[in-house]
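Asks: Here is the input, now give the coordinates:
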Amino acid sequence: MNAQGFPKTLHRVLRNVGVLGHSKKRNILGLNPLVISLSYISATLFLASYLRKQVHSYIQCDSLTKQLLLEAVATFELCASCYELIIVADNWGVGAYALFLLLLTIYWSTKWENSSACPYCPLEEAFVGQRTWQSTLNIIGAQLIAALLTFPYVQLLWAMELVETHKDKAYEDCTADLQVDMVIGAIVECALTCACRVTSKILTEKSFKFSGVVDAAFSTAMVVLAFNLSGGYFNPALATSLKLGCEGNTVLEHILVYWIGSSTGALLSCVIFESNAVQNFLKRSKEAKDE
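Replies: Numbering: from 1, shown residues only. Take a look at the predicted model:
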């Protein structure tokens, strides 16, 4: 193939696989909108990675300030990525949403270190005596501030309207994801958050080669299970960033479902994990492994 013919061949291949060939009036360069969505997510991951490096560079010691900044970066990264995943879910279905959420969750498990981007994680630590309540409130505050400041960044990206799937998204009114009664929604968030946290704790304790992947897969499965019920957020900061004030839910309903529901589930997971049944199971597993 000569050098002059390569661009045409590449263009034809990209059209055949669906990367190009879309309306140039509604999509920049005729690109598949999914390419732009994935590019925005990738840009967010790159930005967050850069910010983390700056935090580690300027703050050497493991101070509370450093922890708060890293939590804020992780929360921003999570919320901004999930805003774009909403676009993916709306246009390419729950399957595509789940696939990219799984990949992101695995990626974050390798990058966030001790950050959680989730308010009930420091709450759990305080509950079992591993963290002071003052420190817990500081971390939750940092997470919440980052969550609430994420949308202006996303809005800037959407306002460019590079593709048709972003048209009018920057300024349209959002709608709530809660499709069931408030109490049922709270129970769903509580029960599945509890299941995710118990599973995560057990996998952390057993710590085999692909435990992180299994943990991410289980969490993603729970999100899909709750997707058409409560939205499957299992994270108060994420739910607040994406859905607080949206049409269809009052603030009270939002707090009950996404804050009280999921946080209660997380605290229940601590009780269940420390129960004799779970601890005996872990003990037997360890003994069998040592034999």
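
Asks: and Trp143, how far is that from Cys174?
Replies: Just to correct that, residue 143 is Gln rather than Trp. Distance of Gln143 to Cys174, given as C-beta to C-beta, to the nearest Å: 20 Å. Glycine gets a C-beta too; all of them are placed from N, C-alpha and C.

Asks: residue closest to the middle of this structure?
Replies: Residue closest to the average C-alpha location in the chain (C-alpha atoms, centre = their mean): Leu78, at 4.5 Å.

Asks: Let me see the contact set for the closest residue to that residue other than its chain neighbours.
Replies: Residue nearest to Leu78 in three dimensions, not counting chain neighbours: Ala117, with 4.5 Å by C-beta to C-beta, 6 or more residues apart in numbering. Residues near Ala117 by C-beta atoms under 8 Å, 6 or more residues apart in numbering: Glu71, Ala74, Thr75, Glu77, Leu78, Trp108, Gln143, Asn235, Ala237, Leu238.

Asks: in the protein, which spans are helices?
Replies: 6-16, 33-58, 64-111, 120-127, 133-148, 150-159, 182-206, 211-226, 236-243, 251-254, 262-273, 276-290 (DSSP state H).

Asks: Return the most buried member of these.
Replies: helix 236-243 (a mean of 25; mean count of other C-beta atoms under 10 Å).

Asks: Which elements pack onto that one?
Replies: Where contact means 3 or more C-beta pairs under 8 Å, 6 or more residues apart in numbering; DSSP states H and E, helix 236-243 is packed against helix 64-111, helix 133-148, helix 251-254, helix 262-273.

Asks: Could you export those as a markdown table, including distance to Cys121 and mean pLDDT?
Replies: Converted to a markdown table, the helices and strands packed on helix 236-243 look like this (distance: least, C-beta to C-beta, whole Å; pLDDT from 0 to 100):
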| stretch | distance to Cys121 | mean pLDDT |
| --- | --- | --- |
| helix 64-111 | 9 | 97 |
| helix 133-148 | 8 | 97 |
| helix 251-254 | 20 | 96 |
| helix 262-273 | 8 | 98 |
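
Asks: Make a markdown table out of those helices and add distance to Phe210.
Replies: Putting the helices and strands packed on helix 236-243 into a markdown table (distance: least, C-beta to C-beta, whole Å) gives the following:
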| stretch | distance to Phe210 |
| --- | --- |
| helix 64-111 | 10 |
| helix 133-148 | 28 |
| helix 251-254 | 36 |
| helix 262-273 | 21 |
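
Asks: For Trp158, which of the ones you listed is the nearest?
Replies: helix 64-111 (8.3 Å; C-beta to C-beta).

Asks: Would you mind measuring from the residue nearest to Leu78 to Ile255?
Replies: Distance of Ala117 to Ile255, given as C-beta to C-beta: 19 Å.

Asks: Tell me the pLDDT of Phe281.
Replies: Looking at Phe281, its pLDDT stands at 87.

Asks: What's the separation between the nearest residue to it once chain neighbours are set aside and Gly265?
Replies: Nearest residue to Phe281, sequence neighbours excluded (C-beta to C-beta, 6+ apart): Ile202, at 7.9 Å. Distance, Ile202 to Gly265, using C-beta to C-beta: 15 Å.

Asks: Break the protein into its domains for me.
Replies: Here the domain parsing of the chain from automatic domain parsing is 28-172, 174-286.

Asks: quick one on the thing from earlier: let's have the helices of the chain in CSV, adding distance to His166.
Replies: Below are these laid out as CSV (distance: least, C-beta to C-beta, whole Å):
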stretch, distance to His166
helix 6-16, 21
helix 33-58, 7
helix 64-111, 7
helix 120-127, 32
helix 133-148, 21
helix 150-159, 5
helix 182-206, 29
helix 211-226, 23
helix 236-243, 16
helix 251-254, 25
helix 262-273, 29
helix 276-290, 45
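
Asks: which one of those helices lies closest to Lys169?
Replies: Nearest to Lys169, of all the helices of the chain, is helix 150-159, at 4.6 Å by C-beta to C-beta.

Asks: what's next to that closest one, contact-wise?
Replies: Helix 150-159 is touched from outside by Tyr40, Thr75, Phe76, Cys79, Ala80, Tyr83, Glu84, His166, Lys169, Ala170, Tyr171, Ser241, with contacts defined as C-beta under 8 Å, 6+ apart.
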